[in-house]
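Trainee: A structural model of the following input is requested.
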Amino acid sequence: MRSETQAIKRQIAFDSARFLTSAPNLAACPEDQSYEVAFAGRSNAGKSSCINALTRNSKLARTSKTPGRTQLINLFSTSTSNFRLVDLPGYGFAKVSASMRQSWDQNLAQYLEQRPNLIGLVLLMDIRHPLRPEDQTFVGWCHQSGLPVHLVLTKADKLKQGPANQALHQVKTAIKDLENTSVQLLSAPKGSGLNQLKDRIQSWYDQQ
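Mentor: Presented below is the predicted three-dimensional model:
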């Protein structure tokens with residue numbers, strides 16, 4: 001049984017996130033045992049905007065009007081003991097060669113399936129186009145490996161409340177039989193949903 005001291009985890013200092021390093025593949029990632037929560041999503045899902053809003057640092061993760069700019073595994077350290085955030089390459093939309101896209105897919109799969117200190121995946125999807133085939137593949141990877149996955153329907157401000165809640169309900173119905181899988185709405189520009197996302201990530205960290 002863990003002692004009381006071991007059971008109590010620090011609050012994650014999201015605001016302290018700083019760029020640590022970029023890696024082209026799993027082999028180049030740091031080998032230490034810091035717990036990691038990774039962010040994945042299609043290249044136009046608003047992943048970088050979400051990370052920047054979460055950390056209150058508009059320059060932390062690169063944002064671009066050109067989908068597919070994130071081509072490396074980008075790691076961000078925090079002042080919280082043994083915890084960092086990971087920005088994975090976007091997928092499914094980038095205008096790149098077939099060989100490059102295949103390489104990205106292989107690197108993503110390796111990281112998700114073989115990274116021992118990965119404790120959860122935040123999967124971002126445009127609320128107007130949720131659960132596309134690539135997204136479902138990610139959910140399948142996580143389910144097979146027992147990795148918790150939190151689906152974030154981004155750009156919720158693009159829809160009125162009724163359609164947004166309908167999209168949320170549809171995704172909830174689609175994942176209702178999957179363990180360790182949850183979903184929420186988020187609008188990075190408005191900041192709505194950020195506290196819910198922080199709470200989810202904190203819960204994964206507390207369970208370690």
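Trainee: what is the lengthiest helix in the chain packed up against?
Mentor: Looking across the chain with DSSP state H, the single longest helix is helix 98-114. Identification of packing neighbours for helix 98-114 by 3 or more Cβ pairs under 8 Å, 6 or more residues apart in numbering; DSSP states H and E yields strand 35-41, strand 118-126, helix 133-145. Where you see a C-beta, it was placed from the backbone N, CA and C, and this is true even at glycine.
Trainee: what's that helix in contact with?
Mentor: With contacts defined as Cβ atoms under 8 Å, 6 or more residues apart in numbering, helix 98-114 is touched by 24-26, 29, 38, 40, 71, 73, 88-89, 91, 94, 96, 118, 121, 138, 141-142, 145, 147.
Trainee: which of these count as buried?
Mentor: Those of the contacts of helix 98-114 that meet the buried threshold are 26, 29, 38, 40, 71, 73, 88-89, 91, 94, 118, 121, 138, 141-142, 147, by 16 or more other Cβ atoms under 10 Å.
Trainee: can you give me the mean pLDDT across stretch 125-132?
Mentor: Stretch 125-132 carries an average pLDDT of 95.
Trainee: make that stretch 146-157, sorry
Mentor: 96.
Trainee: distance between the ends of it?
Mentor: 32 Å (Cα to Cα, to the nearest Å).
Trainee: mind checking how far that stretch is from the chain centre?
Mentor: Here stretch 146-157 is found 7 Å from its chain centre; the criterion is Cα atoms, centre = their mean, to the nearest Å.
Trainee: now stretch 150-163
Mentor: Between the centre of stretch 150-163 and the centre of its chain there are 16 Å (Cα atoms, centre = their mean).
Trainee: show me what counts as buried in that stretch.
Mentor: Of the residues in stretch 150-163, 150-156, 159 count as buried by neighbour count, 16+ other Cβ under 10 Å.
Trainee: contacts only, for the residue nearest in space to the middle of the chain.
Mentor: Nearest to the mean C-alpha position of the chain, counting by Cα atoms, centre = their mean, stands Phe39 at 2.0 Å. If you count contacts by Cβ under 8 Å, 6+ apart, Phe39 has them with 47, 50-51, 85-88, 121-122, 124.
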